[in-house]
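J.: When you get a sec, could you give me coordinates for this:
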Amino acid sequence: MHQRKNIRDAIVTALAGISVPVSVGRVYPDHVETLPSVNVVTADEEVAESRVMNPNVSAQWIQTRDLSFEIECRALSDPPDDAIDAIALEVEQALGADETLGGEVEIIEYTGSTGELAGDLEKPAGLRTLLYTANYRVDARDPQQEED
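T.: So this is what the prediction gives:
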């Protein structure tokens, strides 16, 4: 499994205690009957430090990467902002409780959020997307698990 998959799984595990359903990589919008909800999406990834030789293991090149991930918090409420903020609070608290995601990453960092409102459903709907970056290290030739 690629380390990105391990990170997504660790995020879902961290969010297991929140009060709304959590999905991963949902492309199509939620249906009214599935709201409120949270969707985990991995986004861009950048190499923060390229190929440093691991002195403890020959022929292992450690690469530090920054993976952007998004947590989409959706709610159907009037007004939607209060309901979305309540979900966002749960998410931020859950992810803040373990900034290494069980050791899968060096650290996660909250980097901001974006918001949208829509009035075309039976009630006003809203979306707040929480933006995070996960810093992790892998063997550049075999990025299956985090490297120490």
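J.: Please make it C-alpha for all contacts and neighbour counts, starting now.
T.: Noted.
J.: residue nearest the centroid of this protein?
T.: Taking Cα atoms, centre = their mean, the centroid of the chain lies closest to residue 69, which sits 4.1 Å from it.
J.: what about it, distance to residue 123?
T.: Here the criterion is Cα to Cα, to the nearest Å. By it, residue 69 lies 28 Å from residue 123.
J.: Low-confidence ranges, the chain, go.
T.: Low-confidence segments of the chain, defined by pLDDT under 70: 28-31, 51-60, 121, 145-148.
J.: Helices of that one, start to end?
T.: With helices called from DSSP state H, the chain shows them at 3-14, 80-96.
J.: ok, residues contacting the longest one?
T.: Helix 80-96 is touched from outside by 11, 14-15, 17-20, 73-77, 101, 117, 124-128, 130, with contacts defined as Cα atoms under 8 Å, 6 or more residues apart in numbering.
J.: Now list the buried members of these.
T.: Neighbour counting by 16 or more other Cα atoms under 10 Å classes 11, 14-15, 18, 20, 73-77, 101, 117, 124-128, 130 among those as buried.
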